[in-house]
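# compute the structure for the input listed below.
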Amino acid sequence: MDQPRSNAPEFTVSELAQAVKRTVEDEFQYVRVRGEISGFRGQHSSGHCYFTLKDDQAGIDAVIWKTTWPRLRFKPEEGLEIIATGRLTTFPRSSKYQIVIEQIEPAGAGALMALLEERRRKLAAEGLFAAERKQKLPYLPRIIGVVTSPTGAVIRDILHRLDDRFPSHVIVWPVRVQGETAAAEVAHAVAGFNALPERGGPVPRPDLLIVARGGGSIEDLWSFNEEIVVRAVAASRIPVISGVGHETDTTLVDYAADHRAPTPTAAAEAAVPVRAQLIAYVDDQGQRSRGVIRHQLGNRRDRLRAAAGQLPRPLDLLSLARQRLDLAATELNASLRHLGQGKRLAFERSAGKLTPRVMVQRAEMLSRQLAELSRREASGMARLLEQKRAAYATRAATLTPTALVADLRHANARLAPCAERLRPALRRLVVQRGNDLTALGKLLESYSYKGVLERGFALVVDDQGHIVRSKAAVRPGQLLAIEVADGQFGAAVSGAPVSRKRPRPPKDDGGQESLF
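Numbers count the residues shown, from 1 in each chain. All right, here's what the predicted structure looks like:
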């Protein structure tokens, strides 16, 4: 039986698959598909990603090439509803059509918030938001690093606020704060500031970082919710202030930063204090300190005056000693006269016994006693010599070299401990005697009249070398030597002192002068 003939062209399977592929790609080209991610297991060993987009009635295979993965603003996650943008194509080997995704965005704000909350819980579980890991902000940072866009109003607001409060050196690391590369640029800027050398580098290392951006929608601020930015801020060794968005905006960077400011302007205010207030506070503290010091000095001065008022006057202390000295000086001449008379009477009583006859008798008696003692001494010396010779003969028998060496060793053994105890005792005795000598020297210096001269007094000596104790002891024109603390100088008496006769020494009735 003949086969039916047809004018329809014949295709191979490959030709048909390629024709379908071109038709699908030409007809749809770029499409936006909304669906839920299913079967996502992360990147394949080749770097590509394969999963399914589905809704309640259908599903479509999806693929993300490894060259596209780094450029994705949002990474796919299992169960996330997304809007995928890409090219529709087919896979000829299995006769399936699929979408090659080039961009992903969450399907609405609700999905973004769900993704944000899931990411927040994940990072919080790792301890990146823990309060104990947050660093204390420096009170007066010398250099402030700012990570923000160099062309927006944010950097101008920060610089203006810093200049108003406390002018500081600011280093700006320009970054994009919105777009596909914003998150990587912000993370690299924070890491770059931390990589600067602390000393000696061409660019000084900041003491404080400010990560700032103006307000916007959740999509505009999403770069500051990326893990790369959060981890870079959490790992920063330099304290970080987050000033992203307005007061009602909250990003994950706010949780990871060491301090969260509601706005970029508030971040600048938190970075430095008000210079005028700081100067006023320092001035106030200085005035209070000076007042306290003045008060303390006044109290000490009053206490010193009160204590000085209770001390006796120097003249009162010297009056009693001066009176005793005057009394002793008055009685000295009479005492010497009486002593001389007593010694003279005793000599006269003894002189009567010193006649030549008595002296001869005394000399003869002493001569006889000396002769007797000489005789007794000769016999005694002979007996003593015999005793010593016998004792030496007895002892010489025992004085052999061996016995002497043994005795010396025994004596040395007995003397060695004594010598060991004697040395520290001698050192302590020398130290004690030295301390006593030092104390006596200081006491001697305290009794010296040199100390009196140091206090402003002077020693006046006349031309005979006698100390001048009163003005009656000098006469007009007499030369005087005056000694003060740092030397001597001469002076001549110009006034006429009150004349007073000096007492003459009493004359002896016997015509002889005093022996004393």
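# so which bits of the helix or strand hosting Ala306 are buried?
In this structure, Ala306 sits in helix 275-310 according to DSSP states H and E. Using 16 or more other C-beta atoms under 10 Å as the test for burial, helix 275-310 gives no buried residues. For glycine as for every other residue, the C-beta is placed from the backbone atoms N, C-alpha and C.
# stretch 470-482 too?
Buried-residue list, stretch 470-482, by 16+ other C-beta under 10 Å: Val474.
# what's the answer for stretch 137-157, then?
Neighbour counts over stretch 137-157 (16+ other C-beta under 10 Å) mark Leu137, Pro141, Ile143, Ile144, Gly145, Val146, Val147, Thr148, Ser149, Val154, Ile155, Asp157 as buried.
# contacts made by stretch 311-330 with the rest, please.
For stretch 311-330, there are no external contacting residues (C-beta atoms under 8 Å, 6 or more residues apart in numbering).
# just the CA atoms of that stretch, as PDB, please.
Extracted in PDB, the C-alpha atoms of stretch 311-330 (Å, rounded to 0.1, in the frame of the first residue of the first chain):
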ATOM      1  CA  LEU A 311      53.600  80.400 121.000                       C
ATOM      2  CA  PRO A 312      55.700  82.300 123.600                       C
ATOM      3  CA  ARG A 313      57.700  85.400 122.400                       C
ATOM      4  CA  PRO A 314      61.400  84.800 121.800                       C
ATOM      5  CA  LEU A 315      62.200  87.600 124.300                       C
ATOM      6  CA  ASP A 316      60.200  85.800 127.000                       C
ATOM      7  CA  LEU A 317      62.100  82.600 126.400                       C
ATOM      8  CA  LEU A 318      65.500  84.400 126.600                       C
ATOM      9  CA  SER A 319      64.600  86.600 129.600                       C
ATOM     10  CA  LEU A 320      65.000  83.900 132.200                       C
ATOM     11  CA  ALA A 321      68.200  82.600 130.800                       C
ATOM     12  CA  ARG A 322      69.500  86.200 130.600                       C
ATOM     13  CA  GLN A 323      68.600  86.800 134.200                       C
ATOM     14  CA  ARG A 324      70.400  83.600 135.300                       C
ATOM     15  CA  LEU A 325      73.500  84.600 133.300                       C
ATOM     16  CA  ASP A 326      73.600  88.100 134.900                       C
ATOM     17  CA  LEU A 327      73.300  86.500 138.400                       C
ATOM     18  CA  ALA A 328      76.100  84.100 137.700                       C
ATOM     19  CA  ALA A 329      78.300  86.800 136.300                       C
ATOM     20  CA  THR A 330      77.700  88.900 139.400                       C
END
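# of all the buried residues of stretch 137-157, which comes closest to Ala17?
Ser149 (49.4 Å; C-beta to C-beta).
# which residue is the nearest non-sequential neighbour of the closest one?
Val177 (4.9 Å; C-beta to C-beta, 6 or more residues apart in numbering).
# on the three-state scheme, Val461 is what?
strand (DSSP: H, G, I helix; E, B strand; the rest coil).
# how far away is the closest residue to it other than its chain neighbours from Leu88?
Closest residue in space to Val461, ignoring its immediate chain neighbours: Ala481 at 4.6 Å, by C-beta to C-beta, 6+ apart. For Ala481, the distance to Leu88 (C-beta to C-beta, to the nearest Å) stands at 128 Å.
# show me what the helix or strand where Leu370 lies is packed up against.
Using DSSP H and E, Leu370 falls within helix 356-396. Packed against helix 356-396 by the contact rule (3 or more C-beta pairs under 8 Å, 6 or more residues apart in numbering; DSSP states H and E) you find no helix or strand.
# just checking, Trp173 touches Ala189?
Yes. The pair Trp173 and Ala189 passes the contact test of C-beta atoms under 8 Å, sitting 4.0 Å apart.
# neighbour count winner among the two?
The neighbour comparison of Trp173 against Ala189 (other C-beta atoms under 10 Å) goes to Ala189, with 22 against 19.
# verify the stated contact: that one with Ser149.
No. The criterion here is C-beta under 8 Å, and Ala189 misses it with Ser149 at 11.2 Å.
# overlap in contacts of those two?
Val175.
# gap between the top helix by length along the chain and the chain center?
Identified as the longest helix of the chain according to DSSP state H is helix 401-447. From the chain centre to the centre of helix 401-447 is a distance of 47 Å (C-alpha atoms, centre = their mean, to the nearest Å).
# what's the answer for stretch 74-91, then?
Taking C-alpha atoms, centre = their mean, one finds the center of stretch 74-91 at 62 Å from the center of the full chain.
# what do you get for stretch 389-406?
The answer for stretch 389-406 is 76 Å, by C-alpha atoms, centre = their mean.
# now it: mean pLDDT?
The pLDDT scores in stretch 389-406 average 78.
# number the residues from 409 up from this point.
Done: numbering now begins at 409, and the last item shifts to stretch 797-814.
# pull the CA atoms of stretch 853-867 into PDB?
What follows is stretch 853-867, C-alpha atoms only, in PDB (Å, rounded to 0.1, in the frame of the first residue of the first chain):
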ATOM      1  CA  GLU A 853      74.700  73.000 114.900                       C
ATOM      2  CA  SER A 854      71.300  73.900 116.500                       C
ATOM      3  CA  TYR A 855      73.200  75.300 119.600                       C
ATOM      4  CA  SER A 856      75.600  77.200 117.500                       C
ATOM      5  CA  TYR A 857      75.200  81.000 117.300                       C
ATOM      6  CA  LYS A 858      75.600  80.600 113.500                       C
ATOM      7  CA  GLY A 859      71.900  79.600 113.400                       C
ATOM      8  CA  VAL A 860      71.000  82.800 115.200                       C
ATOM      9  CA  LEU A 861      72.900  84.800 112.600                       C
ATOM     10  CA  GLU A 862      71.000  83.000 109.900                       C
ATOM     11  CA  ARG A 863      67.700  84.500 111.400                       C
ATOM     12  CA  GLY A 864      69.000  88.100 111.000                       C
ATOM     13  CA  PHE A 865      70.900  88.700 114.200                       C
ATOM     14  CA  ALA A 866      74.500  90.000 114.400                       C
ATOM     15  CA  LEU A 867      77.500  89.400 116.600                       C
END
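# give me the contact list for it.
Contacts of stretch 853-867 (C-beta under 8 Å, 6+ apart): Ile875, Ile890, Glu891, Val892, Ala893.
# go through those residues and flag which are in helices.
Going by DSSP H, the helices hold none of those.
# can you report how many residues lie near the nearest residue to Gly623 once chain neighbours are set aside?
In this structure, Gly623 finds its nearest non-sequential neighbour in His654, 4.0 Å apart by C-beta to C-beta, 6+ apart. Under the neighbour criterion other C-beta under 10 Å, His654 is assigned a count of 12.
# may I have the phi/psi pair for His654?
Note on His654: its backbone torsions stand at phi -90, psi -170 [degrees, to the nearest 10].
# dump the residue contacts of it.
Here His654 is in contact with Gly623, Pro670, Thr671 (C-beta under 8 Å, 6+ apart).
# quick check: it vs Phe436, distance?
From His654 to Phe436 the distance is 41 Å (C-beta to C-beta).
# still on that earlier bit, any common contacting residues for Trp581 and Ala597?
In contact with both Trp581 and Ala597: Val555, using C-beta under 8 Å, 6+ apart.
# surely the residue nearest to Val869 and Gly898 touch.
Yes. Contact criterion C-beta under 8 Å: Ala889 and Gly898 qualify, at 5.9 Å.
# for the residue nearest to Val869, give me its contacts.
Val868, Val869, Asp870, Asp871, Gln896, Phe897, Gly898, Ala899.
# okay, it and Gly560: tell me how far apart.
94 Å.
# just the strands in the chain please.
438-446, 457-462, 467-472, 489-499, 504-514, 551-556, 577-582, 616-621, 648-652, 667-668, 867-870, 887-892, 895-900 (DSSP state E).
# the ones you listed into TSV, with extra columns for mean pLDDT?
Formatted as TSV, those follow (pLDDT from 0 to 100):
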stretch	mean pLDDT
strand 438-446	86
strand 457-462	89
strand 467-472	90
strand 489-499	86
strand 504-514	86
strand 551-556	95
strand 577-582	94
strand 616-621	95
strand 648-652	95
strand 667-668	94
strand 867-870	86
strand 887-892	86
strand 895-900	86
